[in-house]
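1. structure, please.
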Amino acid sequence: MVQFLAGMKGEGKTRKLIQMANENAKVTDGNLVYIDDDKRHIFDLHRDIRFVEAGKGELANYRELTGFILGILSQNSDIKHIYVDGLNNILASDAVNAESLVKFKSRLDSLTAAEAVSFTVSVHYDRDSLPEEIKAVLI
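-> Got it, this is the predicted structure:
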């Protein structure tokens, strides 16, 4: 399952994503991973959630982020859910657009099928401007 949490800056996406991850940590048998661009929220997460800092804008595009995620999955076959907080902050500033979001979702769908892992991704993006493929999986 792939879900997106979209909205403009300051709408509480990170708070909601952290809450979802913490609730999921209480009931999930496998491991959870939370990817963020910095360590601001590391102490807000349940101790059983693996925190991964991806750096600010160090990844050029969704393909590099997908490779980063594949590296994480290769180290642990028991990961059940990956949360990606602030896609716009993790990727280069011009890398997030409607086309790249659809391609990234498609790649995550493939990973979900192959690895039995779910994804929740937060992105700074006007909800009304999102492509239909992304609107269909908004939370």
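2. ok, for D44, nearest residue in space, not its chain neighbours?
-> Closest residue in space to D44, ignoring its immediate chain neighbours: I18 at 5.1 Å, by C-beta to C-beta, 6 or more residues apart in numbering. (C-beta placed from N, C-alpha, C; glycine too.)
3. count the residues that sit near that neighbour.
-> 20 (other C-beta atoms under 10 Å).
4. mind listing what it touches?
-> Going by C-beta atoms under 8 Å, 6 or more residues apart in numbering, I18 touches Y34, H41, D44, L45, D85.
5. okay, now the nearest residue to the last one once chain neighbours are set aside: neighbour count?
-> Excluding the flanking residues, the one nearest D85 by C-beta to C-beta, 6+ apart is D36, at 4.5 Å. Neighbouring residues of D36 were enumerated by other C-beta under 10 Å; the total is 24.
6. tell me the SS of the residue nearest to D44?
-> helix (DSSP: H, G, I helix; E, B strand; the rest coil).
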